[in-house]
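J.: Fold the following.
(chains A, B and C)
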Amino acid sequence: MEKEKRVLTGEHFIQGDIACAEGAISVGCNFFAGYPITPASEIAERMSERQPCLGGTFIQMEDEIASITAVLGASWAGAKAMTATSGPGIALMLENIGLGIMMESPCVIVNVQRGSPSTGLPTLWGQADMMQARWGTHGDYRIIALCPNSPQELYDLTIKGFNLSEKYRVPVFIMTDAVVGHMTEKVIIPKEEDIEIYPRRYTTLSPKEYLPYKPEADLVPQIIKAGDGYRIHTTGLTHDERGYPVMSAECQKKLVSRLIDKILNNLDDIIIVEEKDMDDAEVVVISYGITSRVVIPTIQKARENGIKVGSFRLITAWPFPGEKIRELSERVKGFVVPEINCGQMVREVERHSKCSDKVELVPHTGGDIHDPDTIYEAIMKVAKS
Amino acid sequence: MRKEIRVSGFGGQGVILSGYIIGKAASIYDGKNASFTQSYGPEARGGACAAQVVISDSNVDFPLVRDSEVLISLSQVAYNKFRTLVKPNGVVLTDEDLVKPENEENDIKTYAIPATRIAEELGNKIVGNIVMLGYMTKVTGIVSKEAMMKSIGDSVPERFKELNIEAFEKGYQYPG
Amino acid sequence: MVENHPMEPFLRTDRIPHIWCPGCGIGTTVNAFANAIKKCGISLDKVCIVSGIGCTGRVAGYLNLDSFHTTHGRAVPFATGLKLANPELHVFVFSGDGDLFAIGGNHFIHAARRNIDIKVICVNNFIYGMTGGQLAPTTPLTAKTSTSPYGNKEQPFNLPYLAESSGAKFVARWTTYHVMQLTNAIIKALNKPGFCFIESVSPCPTVYARKNRLGTGLEIMKFFKENTRREKGVSTRDIGIDFQKEFIVGNFVDI
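T.: Below is the predicted model of the structure:
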């Protein structure tokens, strides 16, 4: 490895966690703060090796609370900043993820999900933090969460995550899992000039004209970095366009609505799904992350047995493609939702489906991935209903 | 074509590296798709550890190995733990000084090589796993010899490269 | 007649009046800070202020600098990120004793251990003011608070000792009576690379004084004047603060 080279263009056989770190570096991440935790530590280790050679910063903080907070500080100093952890670490970070949402600080948070709750299964697999990502920090907000299913996608979606974070000024979750994070596969890193980088939305206004929280047409305000002479104030308190705290229902409504609408008004830009065999599908399997790979052979088997089944994969889990599910529910027999938890994203499917009784959850408590037969049986059940 | 290989032994025998080398050889140098996973335990040394590699001409969808076509066992404990997870007509490769195989059923063929002893004769028992990889390459033909040699060259420290290539050749030449 | 307050360039005048009570020492500490910055002549554009939550946490909101009002206890790691990502910035943490040393205590000792080049100013008024006067990790033994109505039974932190033991390169304690010395200590910290800590012992007339019948802000200032002394070569180990007893002030560590 050429440690001084930012983009390691070429074909690599690398672990998902490493691919994630390389994706971040490729898109310009120059600050990483983290705390050791299985199964995400390899991301920090890679960053500790790479960042010093690239002029960036790696710091191992005293805990996950400090890690996310340092990431926010670095973001306001102009850095592209990231942290990586798993469920227990996210639990500690949540308060300051809220601060990141409120201050509208671009940053990326990687959750390599493991078996849970609590310490759970540190080295084994889970997908049970999906609702934590969506609702974990207190209050009303919208978040972006992407779900890679391979080391290649961990590379690609970490880049995408940074770009979305810059564009919408919101922390972005990369919701991977211990299988993908620890799996080693071929990862193709493109040429540096072929990597899309969404630049930070620095203001073009003078300090006199600039208001830190005055939104542009897409509801996202322009940003500054500390030290540029704008002398802004930013706070976790409800604030007006100047960034000043205002304790009123009116200001609360304006701010919270904007934080939500800047995501909801741009769903087409944010939501990515992958559809396979959907044209004639009567049964649709909705999956994400590693589970989406377990689904493929079961769909093939069902097709071979004459069942018209398709795959609808959530690459973006949050915001959820509810409208699309609503449309599908009008023409298909039903949905099968396998996930390595006891029913999280399935709630969204039920909520948006016209007939929630046509939604079949295939739960799995974690520690392993689904036995494909359990998914197959659910497909057959819905097909025969 | 989908082939699954499990490498097993105790921690410190180079089991994980072996899996990585096979996966990289298939994926980067043979132009196939490969997915390499490892079983983690809390212990850093000892225990029965395993590395799994799935090799396929098309995408590797289901990423894990349940029953494998090929099992490499470098320790008795690992052999006992994983021998039942071999597919009918599969292949088991053992270090003959470290594993006492049982009579296999389901037409499973067992091949034995004194990999660690050969490595010791070469001057360093640490390359026992590489001797085994040479043997596996010859016996199974799943990965090409050239790809394996390149992958080994990438994966070991420069100063041990020659020793590793020699170890691989010894294993490859061993009568199967 | 003076048209503008001399400290006006430092303040967000559109946010005045502030929330602090009459007789509170936070404003005095802010004034000492502004004076120190002024005397150093550094560009205000390069000074960042980071606060946590609480009465002192509001400092960030009133200073006309790049100012970050973060969450409870987390000013130090936020400041760490700011400073590491742009070492040109002069990064100050301005927060209270509860914020910095209870909920934020772990961050404080680790930033000192790492010798992060940030300057931490702690306004220590021995109590949680904003939330109504609860026990702080600095509340002296026997002092009353709304969660220690029978008197505090817990040993408080000796903040300069904690800072020195954790690795701080400059450590001082003054009171809001010692405005000049406090200002000079901030100047020294500003000119010293590395982690610096300044404790500003301050009256809290509304909560701490009322619960302990200590009188008005002015009376507490008088107490500070009459019951503090400097002691050459004193070890920070020996400068803990007992309830309404004489205590030591000074610049204790200057490495």
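J.: Does the host helix or strand of residue C:183 reach chain A?
T.: Secondary-structure element containing residue C:183, defined by DSSP states H and E: helix C:179-191. No. Contact of helix C:179-191 with chain A is not found when judged by CB under 8 Å from any CB of the partner chain; the minimum separation is 15.8 Å. Placement of C-beta: from N, CA and C, glycine included.
J.: and after that helix, which helix or strand comes next?
T.: Past helix C:179-191, heading to the C-terminal end, the next element that is a helix or strand (DSSP H and E) is strand C:196-201.
J.: I'd like the distance from that next one to the chain centre, please.
T.: Using CA atoms, centre = their mean, to the nearest Å, the mean C-alpha position of strand C:196-201 is found 5 Å from that of the whole chain.
J.: model confidence over it, on average?
T.: When the per-residue pLDDT values of strand C:196-201 are averaged, the result is 98.
J.: other SSEs contacting it?
T.: Contacts of strand C:196-201 with other secondary structure elements, assessed using 3 or more CB pairs under 8 Å, 6 or more residues apart in numbering or on different chains; DSSP states H and E, are made with helix C:26-40, strand C:119-124, helix C:159-166, strand C:170-175, helix C:179-191.
J.: With mean pLDDT added, can I get those in a markdown table?
T.: Supplementary listing: the helices and strands packed on strand C:196-201 in a markdown table, determined by pLDDT from 0 to 100:
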| stretch | mean pLDDT |
| --- | --- |
| helix C:26-40 | 96 |
| strand C:119-124 | 98 |
| helix C:159-166 | 98 |
| strand C:170-175 | 98 |
| helix C:179-191 | 98 |
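J.: Include distance to chain B and mean neighbour count when you put those into a markdown table, please.
T.: Putting these into a markdown table (distance: least, CB to the nearest CB, whole Å; neighbours: other CB atoms under 10 Å in any protein chain shown) gives the following:
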| stretch | distance to chain B | mean neighbour count |
| --- | --- | --- |
| helix C:26-40 | 50 | 22 |
| strand C:119-124 | 39 | 27 |
| helix C:159-166 | 32 | 22 |
| strand C:170-175 | 41 | 26 |
| helix C:179-191 | 44 | 20 |
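J.: residues in the stretch 101-250 of chain C within reach of chain A, list them.
T.: Taking CB under 8 Å from any CB as the test, the list of the stretch 101-250 of chain C residues beside chain A reads C:106, C:107, C:110.
J.: and if we set it to 10 Å?
T.: Residues of the stretch 101-250 of chain C lying near chain A by CB under 10 Å from any CB of the partner chain: C:103, C:104, C:106, C:107, C:108, C:109, C:110, C:111, C:113, C:114, C:116.
J.: And for the first one, the neighbour number?
T.: Going back to what we said before, that points to residue C:103. Counted with other CB atoms under 10 Å in any protein chain shown, the neighbours of residue C:103 add up to 18.
J.: do you know how far it is from residue C:82?
T.: Look at residue C:103 and residue C:82: by CB to CB, to the nearest Å, they are 20 Å apart.
J.: Might you enumerate the residues of the stretch 101-250 of chain A proximal to chain C?
T.: Contact residues, the stretch 101-250 of chain A versus chain C (CB under 10 Å from any CB): A:102-103, A:107, A:207, A:224-237, A:239, A:242-245.
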